[in-house]
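*Asks:* Return a 3D structure for these sequence lines:
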Amino acid sequence: MATSSTIGTHSGAFQADEALGVWLLKCLPKYRDAILTRSRNVEILQSLQIVIDVAGTYDHSLLRYDHHQRGFFETFDGDNVACRDGGRSDVTGPDSATGKFQTKLSASGLVYKHYGRVIIGILHPSLVVADTNSMSDDDDSHSPQLEWVYNRMYKDFMEGLDADDNGIEIADVVRYKQGTSLPVRVGRLNQRWNDTNNGPSEDERFAQASALCGNEFSEALEYIVNCQLPARRVVEEALQNRNEVHSSGKVIRFTNGGCPWKTHLYELERSNKDIETAQIKFVLYEDKSSMWRVQAVTVEGTAFTNRLGLLEPWRGIRDEELCKISGIDGCKFVHASGFIGGNATYEGALAMALQTVEASSSSNKKCKT
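*Replies:* Now for the predicted structure:
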């Protein structure tokens, strides 16, 4: 019979994967004071309540979360049932995985998949509809905001750790080695080959690694909850009010400048049936110097390709000369690539955007005729 309040993982050299997985489990009230056992002894591991990254089994019903066994290939959002022992015969790799994500989960990824919503709710109670003490990961008591944070945290933080622990390169051809990542820093906490034996024990070193991983997780989550989520609300409001800016719906205005907006815009466009594909061409916002910016929306997945750049004759021109060429008062500048411009007033920035949109529409009509 499994002993209560015990967590197991493997002994020996440790990685960010199980160090984070243990920290995540200890966020849960059930395991907050759990005793951690690090071992590879099968009999010892069998006696423990929950075991991660060792023992060759993934079975949520048995609280076993390993990812090393032959045939295992589970993803974050794949349509799957508990994967016992040898894995799923219908999912053998990225090409056969269901869902948006195709990265094989590590042990911490499995922990996050099953307990992540509850953990986020505990760390940020404002996102939870119900009491986290009575909330299970399978119920619907979490808010839409928590669900968005849960998915965003996987994409921005957890997926990279899954890939690293499973030996998946970030690109087919890697140009340089990343020496400052969380897995690298955790790796340096292991005992070195030439260390003396009177230093920290292996378990003490693991505790340091787990705390490091937990701090990184907490900081990344805090940024998403307190910076990205409010920014998403700003973008959502701007999209809802786009026709108040102009009847074309191609220009939106942010009430707060400087917020991260691009990924939110792409996501919200896809989820809004009232918005045509790539409809939004420009965003307007006031910067810290009180200048109104008009910025082109880039094509999703690119850094420098605009859906529609500001007019070519304006590019690289500033101040009075730009006002004369455009016929718009208050112009400050247009970048040489046409991706951004500035005006002293909101009305001027809007005029710069609309003149570009209208010129593009006229050009498209001529091409069709």
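*Asks:* Regarding the residue positioned nearest the centre of the chain, what is its secondary structure?
*Replies:* Central residue of the chain (C-alpha atoms, centre = their mean): D156, 2.6 Å from the mean position. Counting by DSSP: H, G, I helix; E, B strand; the rest coil, the backbone at D156 sits in helix.
*Asks:* List the contacts of it.
*Replies:* Contact analysis of D156 by C-beta atoms under 8 Å, 6 or more residues apart in numbering lists A220, I224. From N, CA and C alone the C-beta is placed, and that goes for glycine too.
*Asks:* let's see it at 10 Å
*Replies:* Shown in contact with D156 (C-beta atoms under 10 Å, 6 or more residues apart in numbering): A220, L221, Y223, I224, Q228, T263.
*Asks:* Return the subset of those lying in helices.
*Replies:* Judged by DSSP state H, the subset of these located in helices is A220, L221, Y223, T263.
*Asks:* what's the closest non-adjacent residue to the first one?
*Replies:* The one in question is A220. F157 (4.5 Å; C-beta to C-beta, 6 or more residues apart in numbering).
*Asks:* pretty sure the one you found contacts E216?
*Replies:* Yes: here F157 lies in contact with E216, judged by C-beta atoms under 10 Å, at a distance of 7.9 Å.
*Asks:* Pass me the low-pLDDT residue ranges in this protein, would you?
*Replies:* Applying pLDDT under 70 to the chain picks out residues 1-3, 79-91, 130-141, 363-369.
*Asks:* now the helices: where do they sit in it?
*Replies:* Under DSSP H, the chain gives helices at 16-25, 42-46, 107-123, 144-153, 159-165, 182-187, 202-223, 229-240, 242-245, 262-271, 319-326, 346-368.
*Asks:* what does the fourth one contact?
*Replies:* Identification of contacts with helix 144-153 by C-beta under 10 Å, 6+ apart yields 76-77, 100-101, 112-113, 116-121, 124, 126-129, 137, 140, 142-143, 158-159, 217, 220-221, 223-225, 228-229, 232-233, 263-264, 267.
*Asks:* Buried only: go through the residues you listed for me.
*Replies:* Using 16 or more other C-beta atoms under 10 Å as the burial test, the contacts of helix 144-153 include 76, 101, 112-113, 116-121, 124, 127-128, 137, 142, 158-159, 217, 220-221, 224-225, 228-229, 232, 263-264, 267 as buried.
*Asks:* Which parts of stretch 33-45 count as buried, going by neighbours?
*Replies:* Within stretch 33-45, the residues that qualify as buried are A34, L36, T37, R38, S39, L45, counting by 16+ other C-beta under 10 Å.
*Asks:* between those residues, which is nearest R242?
*Replies:* A34 (50.6 Å; C-beta to C-beta).
*Asks:* show me the contacts for the closest one.
*Replies:* A34 touches 3-8, 22, 25-26, 28, 48-50, counting by C-beta under 10 Å, 6+ apart.
*Asks:* ok, 8 Å please
*Replies:* Taking C-beta under 8 Å, 6+ apart, we find A34 in contact with S5, T6, I7, L25, K26, Q49, I50.
*Asks:* ok, of those, which come out buried?
*Replies:* T6, I7, L25, K26, Q49, I50.
*Asks:* could I get those as CSV with distance to K324?
*Replies:* Below are the buried ones among the contacts of A34 laid out as CSV (distance: C-beta to C-beta, whole Å):
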residue, distance to K324
T6, 76
I7, 71
L25, 66
K26, 66
Q49, 75
I50, 71
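*Asks:* Show me which pair in those residues is furthest apart.
*Replies:* Most distant of these, by C-beta to C-beta, are K26 and Q49, 12.8 Å apart.
*Asks:* joint contacts of the two?
*Replies:* I7, A34.
*Asks:* Which members of the buried residues of stretch 33-45 are positioned in strands?
*Replies:* Judged by DSSP state E, the subset of the buried residues of stretch 33-45 located in strands is L36, T37, R38.
*Asks:* what comes up buried for stretch 21-28?
*Replies:* Result for stretch 21-28 [16+ other C-beta under 10 Å]: buried residues G21, V22, W23, L24, L25, K26, C27, L28.
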